[in-house]
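Trainee: Fold the stuff below for me.
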Amino acid sequence: MKIAVIGAGVMGRGIAQLFLVSGHSVTLCDASSSQLDSAVEEIKQRIGRLIDKGRLSGDIGTFLKHLHTVENMEGLDDSELVIEAIVEDRQSKIDVLKKIESRVNDGCIVASNTSSLSISDLASCCAVPGRIAGLHFFNPVPLMKLVEVVAGERTDIKIINRLTELVAQTGHRAVCVTDTPGFLVNHLGRAFSTEGLKMLQERIAAVETLDAIARDAGGFRMGPFELLDLTGLDVSVPVMEQIHAQYYQDPRLRPSEIGRRRLHAGRLGRKTVQGFYNYAETEQSQPTAVTDESAKPIDAVSVCAFGDAKDRLEDFLDRINVTVLDGAELVLVAPLGTDVSTESSRYSLDASAVVGIDTVFGLDTHVTVALNPRTDSGLAERLCVTIRQSGIEASIVRDSAGLVLQRVVAMIVNLAAEIAQQGIARPDDIDAAIVAALGYPKGPLEWGDHLGAKTVWQILMNLQQTTGDDRYRPSPWLRQRALTGASLLHE
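Mentor: Below you'll find the predicted structure:
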């Protein structure tokens, strides 16, 4: 197939390499000759390394014979597919798409590598909107084996089918998504970072502690603030705000003012050395709760919980050699979407002696220990010492509905359920896309099934009731499957 790529930047050269090694003829177009030279050299080096490592068979010269460059859009008349991969700016893309249309034949497919702009909007400015589609690649293109194939309102379904087959031939996963704000990955990716920012705004814990809980207890590769620093707030904050606005201020997608404030201050992350972490330091500070390690360990506690939470908590206490004893000086509760204050009131306990434990996440790796406003901090410190002596990390956080990971993961599962409800993508594609693009430990719908749809639903309902915030309202997709016992992946 004859493919042209407009724009020889990072994304353009990655797209060109992907199709080149898949056996296609590629024309790379850019207004800058130096950019083209740089792109060809980089593609040449990358292909050479793949051949040297045995990951690609053939001769580098053979591949390069099928790579052509032009400094304008002349000579594209025989192209079968043209992919625009320029700057993420609406008017710039419209101008380029119009130029493409004036130079290609009637049967040519035209695609935009936009990550956030509406395909329907871009296509409405073109002469033949039915042949305009979205091909959203992820950086680095050769390694990130996912492509969102986006259908605008007027895109011909035959075009979507052809693009899906083409992507599949490269070895990448093609996920068909509807033309909605953020498409699939950028939409669903909001839950992790925005909930992290909301917890920071509520002063639940320091960024180091929240990141450590996410990594150690949740299995995420990075915590929300490490991820924001890597991406850069100049990228993340506008995306958060745009998606929130485009969904007419849906509370589920509401950003935090912390992001915009830090963006104005120039604390963007790694690219500016100072973000949520200071990258001028040779080593990042390691997260731990502020505890007195010389404190006397706890050897007995009382438990006020019921059902599975009680069983998990008592099993955990047995493993760390702590006796369950009525009338002990420390009382443990197991909030499920509620906070420690609510559980203290529910059981008519002396709040100063009550500590909450997350029994859903981290009992084998990193335990979240939650205080209420009256908790004797010395008792919580002694509990953390006891836990650490058993070889398990523990962090103290302030009282919070859903503690830390319950609210984060429930939000991720709920947003995935709502994406399925809206038909933005198929349930199996949702999971595959998120694992491939965001590296989550499980697909969000599979994760919901693992925890139990009813458990996630209960967490969200309790979060909504405790906070009074519709941010946590459960998706109908989740509610219906929780009530019927169907899998969240079931259509």
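Trainee: before we move on, what SS does Leu363 have?
Mentor: At Leu363 the chain is in coil, as set by DSSP: H, G, I helix; E, B strand; the rest coil.
Trainee: The closest residue to it other than its chain neighbours and Asp326, how far apart?
Mentor: Take Leu363 and drop its neighbours on the chain: the residue closest to it by Cβ to Cβ, 6 or more residues apart in numbering is Phe316, 4.7 Å away. Quick note: C-beta positions are derived from backbone N, CA and C, even for glycine. From Phe316 across to Asp326, the span is 18 Å (Cβ to Cβ, to the nearest Å).
Trainee: Please say which of those two ends up with more neighbours.
Mentor: Using other Cβ atoms under 10 Å, the more surrounded residue of Phe316 and Asp326 is Phe316, with 21 against 8.
Trainee: On the pLDDT front, check that one for me.
Mentor: Phe316 is assigned 97 on the pLDDT scale.
Trainee: low-scoring pLDDT stretches of the protein, where are they?
Mentor: 282-294 (pLDDT under 70).
Trainee: Need the residue closest to the centroid of it.
Mentor: Most central in the chain under Cα atoms, centre = their mean is Gly189, positioned 3.2 Å from the mean C-alpha point.
Trainee: can you pull the contacts of that one?
Mentor: By Cβ atoms under 8 Å, 6 or more residues apart in numbering, the contact set of Gly189 is 182, 434, 437-438.
Trainee: Likewise for Ile159?
Mentor: 109, 130-131, 133.
Trainee: Same check on Pro476?
Mentor: Gln421.
Trainee: Can you give me the separation between it and Leu197?
Mentor: On the measure of Cβ to Cβ, Pro476 and Leu197 end up 27 Å apart.
Trainee: Report the buried residues of the helix or strand hosting Leu122.
Mentor: According to DSSP states H and E, Leu122 maps onto helix 119-124. By 16 or more other Cβ atoms under 10 Å, the buried positions in helix 119-124 come out as 119-120, 122-123.
Trainee: Could you do stretch 375-388 as well?
Mentor: Buried-residue list, stretch 375-388, by 16+ other Cβ under 10 Å: 375-376, 379-388.
Trainee: re the thing from before, can you tell me which of the contacts of Ile159 are in strands?
Mentor: 109, 133 (DSSP state E).
Trainee: what's the residue located most distally from the centre of the chain in contact with, if anything?
Mentor: What lies farthest from the middle of the chain is Gly327; by Cα atoms, centre = their mean that is 44.1 Å. By Cβ under 8 Å, 6+ apart, the contact set of Gly327 is Ser302.
Trainee: how close does it get to Pro297?
Mentor: Distance from Gly327 to Pro297, by Cβ to Cβ: 19 Å.
Trainee: Need the phi and psi values for the closest residue to Gly219 other than its chain neighbours.
Mentor: The shortest distance from Gly219 to any non-neighbouring residue, by Cβ to Cβ, 6+ apart, is to Pro441 (3.5 Å). Note on Pro441: backbone dihedrals following degrees, to the nearest 10 are phi -60, psi -30.
Trainee: Leu233 touches Gly259, doesn't it?
Mentor: Yes - under the criterion of Cβ atoms under 8 Å, Leu233 makes contact with Gly259 at 5.9 Å.
Trainee: So the two - more neighbours on which side?
Mentor: Set Leu233 next to Gly259 and count neighbours by other Cβ under 10 Å: Leu233 wins out with 26 against 21.
Trainee: how about the more buried one, phi and psi?
Mentor: Torsion angles, degrees, to the nearest 10, at Leu233: phi -70, psi -20.
Trainee: please renumber so the chain begins at 424
Mentor: Noted, 424 is the first residue going forward, which turns the last one into Leu656.
Trainee: ok, residues contacting the longest helix seen in the chain?
Mentor: Longest helix in the chain by number of residues, with DSSP state H as the criterion: helix 456-475. Contact partners of helix 456-475, identified using Cβ under 8 Å, 6+ apart, comprise 431-432, 435-436, 439-440, 443-444, 451, 453, 479-483, 486-487, 490, 492, 494, 565.
Trainee: try stretch 444-452
Mentor: For stretch 444-452, with Cβ under 8 Å, 6+ apart as the criterion, the contacting residues are 424-431, 435-436, 439, 442-443, 459, 462-463, 470, 473, 479, 486, 489-496, 498-499, 502, 565, 592-594.
Trainee: How far off centre is that stretch?
Mentor: For stretch 444-452, the gap between its own C-alpha mean and the chain's C-alpha mean amounts to 31 Å (Cα atoms, centre = their mean, to the nearest Å).
Trainee: Send over it as PDB, restricted to the C-alpha atoms.
Mentor: The C-alpha atoms that make up stretch 444-452 are tabulated as PDB, following Å, rounded to 0.1, in the frame of the first residue of the first chain:
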ATOM      1  CA  VAL A 444       8.800  -2.400   8.300                       C
ATOM      2  CA  SER A 445       5.300  -3.800   7.600                       C
ATOM      3  CA  GLY A 446       6.000  -3.900   3.900                       C
ATOM      4  CA  HIS A 447       4.400  -0.700   2.700                       C
ATOM      5  CA  SER A 448       5.800   2.100   0.600                       C
ATOM      6  CA  VAL A 449       6.000   5.300   2.700                       C
ATOM      7  CA  THR A 450       6.400   9.000   1.700                       C
ATOM      8  CA  LEU A 451       7.300  11.300   4.500                       C
ATOM      9  CA  CYS A 452       6.400  14.900   4.000                       C
END
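Trainee: which residues in the stretch 574-723 of the chain form strands?
Mentor: Assigned by DSSP state E, counting those that start in this stretch, the strands in the stretch 574-723 of the chain fall at 596-601, 723-727.
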